[in-house]
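**Student:** the amino acid sequence is not available; the structure is as follows:
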Ligand SMILES: *[C@@H]1O[C@H](CO)[C@@H](O)[C@H](O)[C@H]1NC(C)=O
Ligand SMILES: *[C@@H]1O[C@H](CO)[C@@H](O)[C@H](O)[C@H]1NC(C)=O
């Protein structure tokens, strides 16, 4: 549980979004993290790897990533990515930081095209996320949304 708080804090500490938006994102992340941990049977160690931005060493860790995608409806049960839901999710960011919003969209599009779909959706989600982190670093924003 404590780890999840750290995770949520890390995710939103990086950019200059408003305090209010950060707090609402954090709450949502913590709740989702808890739910996902029990759903996929992830351990504290799995979460610790995600916090450290390491590629998960266990399949449970990869399924944590997938679970987040699914909970936020970015990916459906068949592994299709929803552009509509992703945009909806990013809507609050648009008002807060239009520049960041634009960058995140470009990265999401790029990674969707670059990463081949896999029947193992946990692996697919993890590879998408890894692509997002890499691309974010490449253009100098932190990996806040991936
Ligand atoms: C997911 O994508 C596949 C291939 O484009 C499509 O056949 C399928 O109907 C989609 N599933 C959903 C739930 O939208
Ligand atoms: C996912 O990433 C791993 C490690 O980079 C790679 O070995 C694997 O081929 C990728 N799988 C897919 C489906 O992209």
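**Tutor:** Structure received. Just so it is clear, the structure is predicted and the values come from calculations on it, not from any experiment. Ligands and ions are numbered 1, 2, ... in the order given.

**Student:** for the protein, which residues are neighbours of ligand 2?
**Tutor:** Along the chain, the residues adjacent to ligand 2 under the rule CB under 6 Å from any ligand atom are 115, 116, 118, 123, 127. Glycine gets a C-beta too; all of them are placed from N, C-alpha and C.

**Student:** just for the protein, where's the confidence low?
**Tutor:** Per-residue confidence for the chain (pLDDT under 70) gives these ranges: 1-16, 142-146.

**Student:** secondary structure and distance to residue 52 for the residues of the chain next to ligand 2 - can I get that in CSV?
**Tutor:** Converted to CSV, the residues of the chain next to ligand 2 look like this (DSSP: H, G, I helix; E, B strand; the rest coil; distance: CB to CB, whole Å):
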residue, secondary structure, distance to residue 52
115, coil, 21
116, coil, 26
118, coil, 24
123, helix, 19
127, helix, 18
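
**Student:** how about residue 111: what's its closest non-neighbour residue?
**Tutor:** residue 131 (3.8 Å; CB to CB, 6 or more residues apart in numbering).

**Student:** wait, a strand at that neighbour?
**Tutor:** No: using DSSP: H, G, I helix; E, B strand; the rest coil, the assignment for residue 131 is helix, not a strand.

**Student:** I'd say it and residue 115 touch.
**Tutor:** Yes: taking CB atoms under 8 Å as the definition, residue 131 is a contact partner of residue 115 at 5.2 Å.

**Student:** tally of neighbours for residue 63?
**Tutor:** Taking other CB atoms under 10 Å as the neighbour definition, residue 63 ends up with a count of 24.
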